[in-house]
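Student: sequence first, predicted coordinates after that:
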Amino acid sequence: MTLSRRRFLSISAAALACAGGANAAPLYHWQGGALGARATITLRHPEAERITHAARSEIERLEQIFSLYRRTSSLSLLNAVGQLDAPPFELLDCLTLASAAHQATGGLFDPTVQPLWDLYARSYSAGQA
């Protein structure tokens, strides 16, 4: 069995939580959505609520740039319109890396595949798989 990054982080977080002992801060738990999926944050730390709020704020900021599930994200607007007047630095950096991967793989990595995935998803939903 291979150990995925998510599984490693879950195990590490559980181990750290148990290491705190009886006098540790109470367990803080948040559930919600992030990056188009259900997400949870569980911390045992005196400032767990503040840390969780900061993490959720950063996730929200990044979703507003990269989310394919939000029509108002920078990436969704770029896909819909074909250009952005003032793209965020993070999007430019990501697209630069994607372009380098495209070139390094001789086109096997294609960052422009999203319209094809959208067409496939609509066709599949309409029973035209």
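Tutor: Cool, got the structure. Residues are numbered from 1 along each chain as shown.
Student: how distant is the one helix or strand residue 120 maps to from the center of its chain?
Tutor: Secondary-structure assignment from DSSP states H and E places residue 120 in helix 114-125. Centre-to-centre, helix 114-125 and its host chain are 21 Å apart (Cα atoms, centre = their mean, to the nearest Å).
Student: helices along the protein, start to end?
Tutor: For the chain, helices defined by DSSP state H occupy the ranges 5-19, 48-66, 74-81, 89-104, 114-125.
Student: return the set of buried residues in the worst-scoring helix or strand of the chain on mean pLDDT.
Tutor: Within the chain, confidence by mean pLDDT, DSSP states H and E is lowest for helix 5-19 among all helices and strands, at a mean of 70. By neighbour count, and taking 16 or more other Cβ atoms under 10 Å as the criterion, helix 5-19 has no buried residues at all. (Each C-beta comes from the backbone N, C-alpha and C, glycine too.)
Student: which strands and helices lie in contact with that helix?
Tutor: In terms of contact count using 3 or more Cβ pairs under 8 Å, 6 or more residues apart in numbering; DSSP states H and E, helix 5-19 is assigned the packing partners strand 37-44.
Student: each with direction, which strands does the strand it packs on pair with?
Tutor: Sheet neighbours of strand 37-44, with direction, are listed as strand 27-34 (antiparallel) (DSSP bridges).
Student: what are the buried residues along the partner strand?
Tutor: When neighbours are counted by 16+ other Cβ under 10 Å, the buried residues of strand 27-34 are found to be 28, 34.
Student: what's it in contact with?
Tutor: In this structure, residues lying in contact with strand 27-34 by Cβ atoms under 8 Å, 6 or more residues apart in numbering are 17, 38-45, 48-49, 52, 56, 59, 63.
Student: apply 7 Å and report the result again.
Tutor: 17, 39, 40, 41, 42, 43, 44, 48, 49, 52, 59 (Cβ atoms under 7 Å, 6 or more residues apart in numbering).
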